[in-house]
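S.K.: Structure of the sequence below:
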Amino acid sequence: MERLIPVLAVPTITSMMVTSIYNMADTYFVSQLSTSASGAVGVVFPVMSAIQAVGFTVGMGSGSIAARMLGQDRREEADRISSSAVLLALTLGMILAALGAAFMSDIVWLLGSTQTIYPYALDYAKYIILGCPVMVVAFTLNNLLRWQGKASLSVIGLGTGGILNLVLDPLFIFALDMGIAGAAIATLLSQCVSMTILASFFLFHKSDLRVSPACLSRSPGTYLAILKQGMPSFFRQGVMSAATMALNWNARAFGDAAVAAMAIVSKVFTFIQSITIGFGQGFQPVLGYNYGAGRMDRVKRALAFSIKICTIVLTAAAVIGLLFAPQIVALFRDDPMVVSIGGRAFRYQCITLPLSAVLTFANMFFQSLGKSGRATVLAICRQGVFFPLVFLLTWQFGLTGLELTQACADLAAFLISGGIMLHYFLREFEQETA
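M.R.: Residues are numbered from 1 along each chain as shown. Model (predicted):
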């Protein structure tokens, strides 16, 4: 168990970090243009989160169901789930693109843009919205590979796109003088390459799951089951999108520097937390398979091991962040106001960063066991607490309250998640093992 989970986790960690690099790269290169341009990437980030929410909903939902079916040797049903998931992803992606294109200008204002950030955000958003179908399908295929224990293949697909994005960003932004639109186009092209590579693994039979029109389900219940099982992922990403919008709305009262600073801090912490999420996605197939096989002893051992390892890693990251917060922010935008605001917010979040292991694994634990109700509650817990806090603390304490919000939300979410986990193991776990 202690050897299998890291073997599965390393590729998924890499996969999640590559996904974060897409946004990190855009933030880094765009920030060289101006503070307003830097803020624009943060303003549009909720759109990326919404796209990920849909892709992860379909991918995690179908992957979880398919993994349990493979564990029970029900391969034909697993193929039906995976094939139907791809069709569902494509359909939802096209709906998102159509809605986004129709209301693009209103969406940019709704996301918390200032007057000076607006033109940059609009130029960036239109290409991201155009790529909705490609991105949703790519996230779905990635998760289908990961849930069958082939995370290394997903790394190849996402990794190639991530590297390409790093190359294309400076080329399009600076060499071709396309500005912030160049960053968005680079991201879109990179995602197209990733999706093509991921799809090729299914077309050339590198996957244990089959994706084919012949396997599509005609039952609405199949698609509803996928959505229901993936709902924790939808709420986790969806509430993150809403929370980022609330953050932008409150930050813009303090100017473009505050919007840019909070965007940079959010991107860096998303990157750090991708380690925990990636580790969790590595342990989920192990958890789902052993739960399906009735090996509850291994389920408990896998959870304890994963939380311990990730807490150690996050503690190390927190120490580094506390020591070098201003320098890290300055790497993105060397503006005194951005560094001042971002440095303080960065250090506050580092204080509660080690608690993220429990927050993440509590949600993934219940999702893997098919307990979608509790998984959904825990998925929205962190950012669900953040949403009212960002308004309350900013109203009461101004800029300091804005900088403190995420740390306070993490502490509250840790207490809630820990309580739900403790209740399960004290009241229900023994009954399920009997």
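S.K.: what stretches of this structure score poorly on pLDDT?
M.R.: 1-2, 15, 19, 22-23, 292-294, 372, 429-434 (pLDDT under 70).
S.K.: For the stretch 151-300 of the chain, which segments count as helices?
M.R.: In the stretch 151-300 of the chain, the segments counted as helices under DSSP state H, counting those that start in this stretch are 151-170, 179-203, 220-251, 256-292, 296-332.
S.K.: of all the ones you listed, which lies closest to I416?
M.R.: helix 220-251 (13.8 Å; Cβ to Cβ). No exception for glycine: its C-beta is placed from N, CA and C like everyone else's.
S.K.: Report the buried residues of the closest one.
M.R.: Buried residues in helix 220-251, counting neighbours by 16 or more other Cβ atoms under 10 Å, are found at 222-223, 225-251.
S.K.: cool, stretch 87-105 as well?
M.R.: L87, L88, A89, L90, L92, G93, L96, A97, G100.
S.K.: mind listing which of the residues you listed are in helices?
M.R.: L87, L88, A89, L90, L92, G93, L96, A97, G100 (DSSP state H).
S.K.: give the contact list for R344.
M.R.: Going by Cβ atoms under 8 Å, 6 or more residues apart in numbering, R344 touches A325, T400, E403.
S.K.: Which secondary structure state is assigned to the nearest residue to the second one once chain neighbours are set aside?
M.R.: By that I understand T400. Leaving aside its sequence neighbours, T400 sits nearest to R344 (Cβ to Cβ, 6 or more residues apart in numbering; 7.8 Å). When classified by DSSP: H, G, I helix; E, B strand; the rest coil, R344 comes out as helix.
S.K.: can you offset everything so residue one is 41?
M.R.: In the new numbering, first residue 41, that becomes R384.
S.K.: R384 and L442, how far apart?
M.R.: Distance, R384 to L442, by Cβ to Cβ, to the nearest Å: 10 Å.
S.K.: Which of the contacts of R384 are buried? Put it as a PyMOL command.
M.R.: Selection of buried members from the contacts of R384 for PyMOL, criterion 16+ other Cβ under 10 Å:
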select buried, resi 365+443
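S.K.: I'd like the contacts of R384 written out as a markdown table, with distance to G111 added.
M.R.: Shown next, in a markdown table, are the contacts of R384 (distance: Cβ to Cβ, whole Å):
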| residue | distance to G111 |
| --- | --- |
| A365 | 44 |
| T440 | 50 |
| E443 | 46 |
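S.K.: and of the contacts of R384, the nearest to S89?
M.R.: E443 (21.0 Å).
S.K.: Helix or strand: which one has that closest one?
M.R.: helix 439-467 (DSSP states H and E).
S.K.: Tabulate the ones in helices among the buried residues of stretch 127-145 (a markdown table), appending distance to I315.
M.R.: Putting these into a markdown table (distance: Cβ to Cβ, whole Å) gives the following:
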| residue | distance to I315 |
| --- | --- |
| L127 | 32 |
| L128 | 29 |
| A129 | 26 |
| L130 | 30 |
| L132 | 28 |
| G133 | 27 |
| L136 | 28 |
| A137 | 31 |
| G140 | 30 |
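S.K.: nearest to A303, of the residues you listed?
M.R.: G140 (19.9 Å).
S.K.: Quick check: that closest one touching I147?
M.R.: Yes. The criterion here is Cβ atoms under 8 Å, and G140 meets it with I147 at 6.5 Å.
S.K.: what is in contact with these two at once?
M.R.: In contact with both G140 and I147: V87, A165, using Cβ under 8 Å, 6+ apart.
S.K.: List the residues that contact F85.
M.R.: N63, T284, A303, S306, K307.
S.K.: Thanks a lot, see you next time.
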